[in-house]
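[1] Got a predicted structure here, sequence first:
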Amino acid sequence: INLSVNDLKIKKTEYVFLSYLFNMKDSDTNNFLYSSYWGNLPKKLKDDKKFSTWIHIYVKDKILKTPNAASKLIQKLNHNNINQNHITLFSFFSKNVFFKVISDWLLLLYKINKINFNKKSFPRYKDLYLWDFYKDDWYDSFIGNNAIDNLLYLALFEEAFKLCDKKPSVTYLLENQGWEISMLSASKAQKIYKSIGFSHANSRYWDLRNFYDSREYSNNSKLNLPRPSILAVNSNIVLKQFLNYGYPKEEIKLVEALRHLYLKKNYNFNHINKKKTLLVLGDYENANVEYQLSMLNTLPKNLINNLNIIFKPHPASRINTKYFASLEMEVRNENLSELLPLANIAYCGSLTSASIDAFSFGLEVIVLIDTNLLNLSPLRNFEDVSFVMNKSQLEIAMVKLLSGTRNSVNKRCIFELNNDLPLWRKLLYETL
């Protein structure tokens, strides 16, 4: 995206946010006072007269189909809001960046070629040599496409942070992507010491992206793994989970769940409907969704006929619902905040993080577990959730829950909710 870098605005900024220019359907595309990732935090910054710079990583989607469309949106946001500076990361690309990436990659290639690879030197289990399983990934990470991507991100962030005179705080969406490690390395090199990694999505027990060997947290060597100076989490459950795995207590903070503030809204549940409504929440794996719908399709017809079924597919899913026409599902793509008030029961696969939204909203939740896979549900070990593994268990759970009543958000919600964002504002405005 060809946009000029506004040096003066970046130099004076005290707060830098790294975000994705993606899924902007639910964001304020005029003044950026609300974001699907950051909730109403941009508005609070403006109300508090805090100038912020937003560095976006553009990802093509149905809303911003071309770089030109993304460029026009950035220009509009900068024109409409004097309290914010918006720019894409690739606006920092230049000849110097190009040659630096090539130079770094050639150096890596030279270093790798000097290593005498012997698979017996790598971890193994008895006579099973693990090197055979991760060899391709290892090469891709060090000298392949993945390596070049990360070197490019490193060079781009170095260029961006060189322009920051005030050494701002850097806040980003923590998902442990490759670019995050590059960014943290670049910020440290530029002596930007306040970095906040916001774990904005739900943390799963088996998701190893969120956790490291506990010895890494006390590793002070030059080759230690880059981590944010502060890890921001959105619930006490996640906070305890990280602490149990050895995360340093002084480096983790509880903040409001920006993406889930809609749970504070007062909803009207007085809509008249003789039938109960089942909300089917799909995940991004087509095979999982097919298994989920196939299992639902095995329920007795008299039970299915007494249900209104709404199916919300994952945006990345390409499931063909015509194969399940007998379920008479209504396919809807609205936000969860619009669909959850319509439902009595949520029926989810084990991968979808939307299950925890449904639980927090007060719905009865059924999670289908594939016995061939790990239980990756964020609701794992929750007592008030029905986990089922076959047709008979699903039928029993459905019959039981259909006679139940809706729980209150105050009773069920696991997230930290406060529209005034006192925890976020304290974390951003205080100095380390």
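    Nice, thanks for sending it over.

[2] Isn't L152 up against V97?
    Yes. Contact status for L152 versus V97: in contact at 7.5 Å, counting by C-beta atoms under 8 Å. Every C-beta, even on glycine, is put in place using the N, C-alpha and C of the backbone.

[3] So between those two, which is more surrounded?
    Between L152 and V97, counting by other C-beta atoms under 10 Å, L152 is the more crowded of the two (21 against 18).

[4] buried stuff in the helix or strand hosting K43?
    For K43, the enclosing helix or strand under DSSP states H and E is helix 41-47. Residues of helix 41-47 classed as buried: L41, P42, K43, K44, L45, K46 (neighbour count, 16 or more other C-beta atoms under 10 Å).

[5] now do stretch 395-413
    Buried, per 16+ other C-beta under 10 Å, within stretch 395-413: E395, A397, M398, L401, L402, N407, V409, R412, C413.

[6] so of those, which ones are in helices?
    Those of the buried residues of stretch 395-413 mapping onto helices are E395, A397, M398, L401, L402, V409, R412, per DSSP state H.

[7] Output those residues as a markdown table; include the columns pLDDT and distance to N308.
    Output for those, formatted as a markdown table (pLDDT from 0 to 100; distance: C-beta to C-beta, whole Å):
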| residue | pLDDT | distance to N308 |
| --- | --- | --- |
| E395 | 92 | 18 |
| A397 | 92 | 18 |
| M398 | 91 | 14 |
| L401 | 88 | 15 |
| L402 | 83 | 12 |
| V409 | 75 | 22 |
| R412 | 83 | 22 |
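
[8] Throw those into JSON lines and include distance to P341, thanks.
    Converted to JSON lines, those look like this (distance: C-beta to C-beta, whole Å):
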{"residue": "E395", "distance to P341": "26"}
{"residue": "A397", "distance to P341": "22"}
{"residue": "M398", "distance to P341": "20"}
{"residue": "L401", "distance to P341": "17"}
{"residue": "L402", "distance to P341": "18"}
{"residue": "V409", "distance to P341": "11"}
{"residue": "R412", "distance to P341": "14"}
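
[9] Looking at those, which one is closest to Y37?
    V409 (21.8 Å; C-beta to C-beta).

[10] quick one: that closest one from L340, how far?
    10 Å (C-beta to C-beta, to the nearest Å).

[11] quick one: the residue positioned nearest the centre of the chain and S235, what's the gap?
    In the chain, the residue lying closest to the centroid (C-alpha atoms, centre = their mean) is A201, at 4.3 Å. According to C-beta to C-beta, A201 and S235 sit 11 Å apart.

[12] just to revisit the earlier point, which one of the buried residues of stretch 395-413 is nearest to K275?
    For the buried residues of stretch 395-413, the nearest to K275 is L402 (9.9 Å; C-beta to C-beta).

[13] Would you check that the closest one makes contact with N344?
    Yes. Counting by C-beta under 8 Å, a contact exists between L402 and N344, whose distance comes to 7.4 Å.

[14] Give me the common contacts of those two.
    By C-beta atoms under 8 Å, 6 or more residues apart in numbering, L402 and N344 have these common neighbours: K276.

[15] coming back round to it: what sits in contact with each of V409 and L340?
    Between them, V409 and L340 share these contacting residues under C-beta under 8 Å, 6+ apart: F361.

[16] where does the chain have low pLDDT?
    Flagging of the chain using pLDDT under 70 yields the residue ranges 1-11, 266-274, 405-406, 432.

[17] one more time with 50
    For the chain, applying pLDDT under 50 flags the ranges 272.

[18] Could you look up the SS state of the closest residue to L351 other than its chain neighbours?
    Leaving aside its chain neighbours, L351 sits nearest to D283 (3.9 Å; criterion: C-beta to C-beta, 6 or more residues apart in numbering). The three-state label given to D283 by DSSP: H, G, I helix; E, B strand; the rest coil is coil.

[19] tell me the contacts of the residue nearest to the centre of the chain?
    So A201 contacts E175, S353 (C-beta under 8 Å, 6+ apart).

[20] how far away is it from N297?
    As judged by C-beta to C-beta, A201 and N297 stand 30 Å apart.

[21] next one: L417
    Distance, L417 to N297, by C-beta to C-beta: 37 Å.

[22] With Y110 instead?
    58 Å.

[23] between those two, who's got more neighbours?
    Between Y110 and N297, counting by other C-beta under 10 Å, N297 is the more crowded of the two (14 against 10).

[24] For the stretch 251-400 of the chain, which segments are assigned as strands?
    Assigned by DSSP state E, counting those that start in this stretch, the stretch 251-400 of the chain shows strands spanning 252-254, 276-281, 307-312, 330-331, 345-349, 364-368, 386-388.

[25] Dump those to JSON lines, plus mean neighbour count and distance to K188.
    JSON lines is the format used below for the strands of the stretch 251-400 of the chain (neighbours: other C-beta atoms under 10 Å; distance: least, C-beta to C-beta, whole Å):
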{"stretch": "strand 252-254", "mean neighbour count": "16", "distance to K188": "19"}
{"stretch": "strand 276-281", "mean neighbour count": "23", "distance to K188": "40"}
{"stretch": "strand 307-312", "mean neighbour count": "21", "distance to K188": "41"}
{"stretch": "strand 330-331", "mean neighbour count": "13", "distance to K188": "47"}
{"stretch": "strand 345-349", "mean neighbour count": "27", "distance to K188": "39"}
{"stretch": "strand 364-368", "mean neighbour count": "26", "distance to K188": "40"}
{"stretch": "strand 386-388", "mean neighbour count": "19", "distance to K188": "43"}
